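Participant: Please find the sequence and the predicted model below.
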Amino acid sequence: MILISACLAGLKVRYNGTDSLDERIQKLVLENKALTVCPELMGGFSTPREPAEIVDGDGEDVLDGRARVVEISGRDVTELYLKGAYATLHKALEIGATKVVLKEYSPSCGSAMIYNGDFNGTKLGGVGVTTALLRRNSIVVCSEDDFLELF
């Protein structure tokens, strides 16, 4: 079984109440080949919510206590992102998922790129908190852009 970011399957769970529908990915869910997850909702956030970015590093640094996740207002939401990452890991282990497709650029889900923490739209190489945790547990994570290469 595959886990997929809920927003990619068309669920309106993004911070601004929208989705990032990818019909190829949604098809996997409709065919019962994949289950959806949203680390932010699993961490305790609601929709809509303030945008958040990782400051001073990426998801690896958050796991190691060297960086934090903050909302645009400045509120530190690191613990909620960690909670969501661990809940996603638990779900992946529970269903035996070895591959996960997550939304690129997200502070939870980015698998190659995230925003730089300045809320100015600049992207940089790095991973989200959930991606870092899943990879540390030998689970393959990719984005919507490269998932066909892995499946």
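Facilitator: That came through, no problem. A quick note: this is a predicted structure, and the numbers were derived from the prediction, not measured.

Participant: what is the mean pLDDT for the longest helix seen in the chain?
Facilitator: Taking DSSP state H as the criterion, the chain has its longest helix at helix 78-95. Per-residue pLDDT over helix 78-95 has a mean of 98.

Participant: likewise stretch 33-53?
Facilitator: Regarding stretch 33-53, the rounded mean pLDDT is 97.

Participant: for stretch 20-29, same thing?
Facilitator: Here the average pLDDT along stretch 20-29 is 94.

Participant: where's that stretch relative to the chain centroid, distance-wise?
Facilitator: 16 Å (C-alpha atoms, centre = their mean, to the nearest Å).

Participant: Quick one: residues in contact with stretch 41-51.
Facilitator: 6, 12-17, 40, 71-73, 75, 77, 80-85, 87-88, 91, 108, 119 (C-beta atoms under 8 Å, 6 or more residues apart in numbering). Glycine gets a C-beta too; all of them are placed from N, C-alpha and C.

Participant: Buried ones among those?
Facilitator: 6, 13-15, 40, 71, 77, 80-85, 87-88, 91, 108 (16 or more other C-beta atoms under 10 Å).
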